[in-house]
Structure formats: C-alpha cells, structure tokens
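**Q** attaching a predicted model along with its sequence, questions to come.
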Amino acid sequence: MATEVANPTIAKISLSERAAKKIRELLEKEGVPLEQGGLRVGVQGGGCSGLSYAMRLDTQARDRDKIFEEFGARLFVDPKSFLYLNGTTLEYEETLMRQGFVFQNPNAARNCGCGSSFTA
C-alpha cells in the first residue's frame, strides 16, 4: 500500500486534542485498532453552499490518502478533498445546543448556518 504521510511543515490538517479523543473513543467503540483505523474526512458536491463535508470511520487508509496523526488519532484524506481542506483544524464541540465535529476551514469563502457546507 502506497499511502503518503503528509509533511506537517508543508501542508496539513490539524486535529484538536478534544477531536482526537473523540475519534479514539469512536474507533474503540467500533472495535477498530487505533494503529490502523482513523476518521476519513472529505469534501463532496452538495449542501446549501455548494460543497459539504463528509466523514466516517475507516479501518485503514487507501492507496493515495494523505494521513495526519495528532494526539493518537489519525485522519485519512483523499488528494482531491485535501485541496479544499489544507490548513483546516478539526475540532470537537460539546455544548448544550450542539455536539459534534466542527471544521475550522480557512479556505471556506462562505459557510452555511448549519456548518456542514461551504463555498471555496
């Protein structure tokens, strides 16, 4: 498998410590080994602003994925999605009104109110 571990000094997607903890919890709950699995994040067409974020747990990286690891958790990103996500920080938010992952994306020219779609 020819996965690529991204060079953090050139291009990167960051994980907050809280997001990494949640990813580890979700992988453990699903029985996926932490050293192999991770959260797959991506971008797809759609949503109220034109592009929407996609994510799901994955048991392993794919051939051309960029892999980012912080605080013991891994993110898998396909090359096309990385063009839109470079520089993004993935946070996990837990408030009375909202619970879930939040993308802090500097490439987003405009975000929708729900936070799950954007315009680049």
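**A** Alright, I've got the coordinates. Being a predicted model, the structure only gives us computed values, none of them experimental. Numbers count the residues shown, from 1 in each chain.
**Q** in stretch 27-44, what counts as buried?
**A** Residues 27, 32, 37-43 are the ones in stretch 27-44 that count as buried (16 or more other CB atoms under 10 Å). Every C-beta, even on glycine, is put in place using the N, C-alpha and C of the backbone.
**Q** dump the residues you listed into TSV; add secondary structure as well.
**A** Converted to TSV, the buried residues of stretch 27-44 look like this (DSSP: H, G, I helix; E, B strand; the rest coil):
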residue	secondary structure
L27	helix
V32	coil
G37	coil
G38	strand
L39	strand
R40	strand
V41	strand
G42	strand
V43	strand
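**Q** of these, which pair is most distant in space?
**A** Greatest spacing in the buried residues of stretch 27-44, by CB to CB: V32 and V43 (23.1 Å).
**Q** what segments of the chain are helices?
**A** 17-30, 79-85 (DSSP state H).
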